[in-house]
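1. no sequence for this one, just the structure:
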């Protein structure tokens, strides 16, 4: 994402961070099916884990269970401050997807759970290439997204966002050497935070 887009998204989430944490800051407040998907992915992924777009750190905490090495990164300084307070012992950094802190081929898995939704579609390839840079050969990427007409924008509560589909993301991922190995989608149940259809996929980098 460009620096201007980064700054706008960071400011939007900083302004409503307390509201977001109150609504969705713990795993218990979120859909149990999401937690099951993320936990299963964690258990099937070796090496260090990066929560890209970690928000207040609830999913990073899940990744760190079982003494796993996990860290989070987010554009929002308010989210990172909250994550550090709520989850001491886990590393959280303020930063952009455009320039991830891990070294080349140093991360076993990246979780991007609804954190790519604000990326303008034209800029997504740049972000996916950066994810591919830090993944080890055979590393894994789990993406959560709003399932709909690919690249179509909608008025998200915090900042403009975009729908994607598994097929459209698979095509973009393939250009960075990442191959989709599984995907799922579902409608929403009453009481979920969002009413928009859910999608997720797992992609792997080329083994070395």
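-> The structure has been received and is ready for your questions. These figures come from a predicted structure and were not determined experimentally.
2. now do the helices in the chain.
-> Under the criterion DSSP state H, helices of the chain are mapped to 3-15, 17-24, 32-43, 58-64, 77-86, 124-134, 166-174.
3. the spatially most central residue of the chain pairs with what?
-> Central residue of the chain (C-alpha atoms, centre = their mean): residue 112, 1.7 Å from the mean position. Taking DSSP bridges as the rule, residue 112 bridges to residue 143.
4. against residue 85, how distant is it?
-> According to C-beta to C-beta, to the nearest Å, residue 112 and residue 85 sit 23 Å apart. C-beta coordinates here come from the backbone N, C-alpha and C atoms, glycine included.
5. tell me which of the helices of the chain sits most buried.
-> For the helices of the chain, the largest average neighbour count (mean count of other C-beta atoms under 10 Å) is found in helix 58-64, namely a mean of 23.
6. number of nearby residues for residue 160?
-> Other residues near residue 160 come to 15 when the count uses other C-beta atoms under 10 Å.
7. quick revisit: closest one to residue 71 among the helices of the chain?
-> Among the helices of the chain, helix 58-64 comes nearest to residue 71, with 7.1 Å by C-beta to C-beta.
8. name the residues that touch the closest one?
-> Taking contacts as C-beta atoms under 8 Å, 6 or more residues apart in numbering, the residues outside helix 58-64 that touch it are 24-27, 30, 35, 38-39, 42, 49, 51, 54, 70-72, 83, 87, 89-90, 92, 111, 113.
9. quick check: PyMOL command selecting the buried ones in these.
-> Selecting only the buried entries of these in PyMOL, with 16 or more other C-beta atoms under 10 Å as the criterion:
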select buried, resi 25+27+30+38+39+42+49+51+54+70+71+72+83+87+90+92+111+113
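10. related to what we said a few turns ago, can you pull the pLDDT of the residue nearest to the centre of the chain?
-> Listed pLDDT for residue 112 reads 98.
11. am I right that residue 99 is in contact with residue 130?
-> Yes. Counting by C-beta atoms under 8 Å, residue 130 is a contact partner of residue 99 at 7.3 Å.
12. in contact with the closest residue in space to residue 45 that isn't next to it in sequence, which residues?
-> Using C-beta to C-beta, 6 or more residues apart in numbering and skipping residues adjacent in sequence, the residue nearest residue 45 is residue 109, 3.7 Å away. Residue 109 is in contact with 41-42, 45-50, 135, 139-142, counting by C-beta under 8 Å, 6+ apart.
13. how about the residues you listed in CSV, adding pLDDT and distance to residue 76?
-> Listed next are the contacts of residue 109 as CSV, based on pLDDT from 0 to 100; distance: C-beta to C-beta, whole Å:
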residue, pLDDT, distance to residue 76
41, 98, 24
42, 98, 23
45, 98, 25
46, 98, 29
47, 98, 26
48, 98, 22
49, 98, 20
50, 98, 16
135, 98, 24
139, 98, 26
140, 98, 25
141, 98, 22
142, 98, 21
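14. quick one: the closest residue to residue 114 other than its chain neighbours from residue 73, how far?
-> Nearest residue to residue 114 in three dimensions, chain neighbours excluded: residue 144, at 4.8 Å (C-beta to C-beta, 6+ apart). Counting by C-beta to C-beta, the gap from residue 144 to residue 73 is 16 Å.
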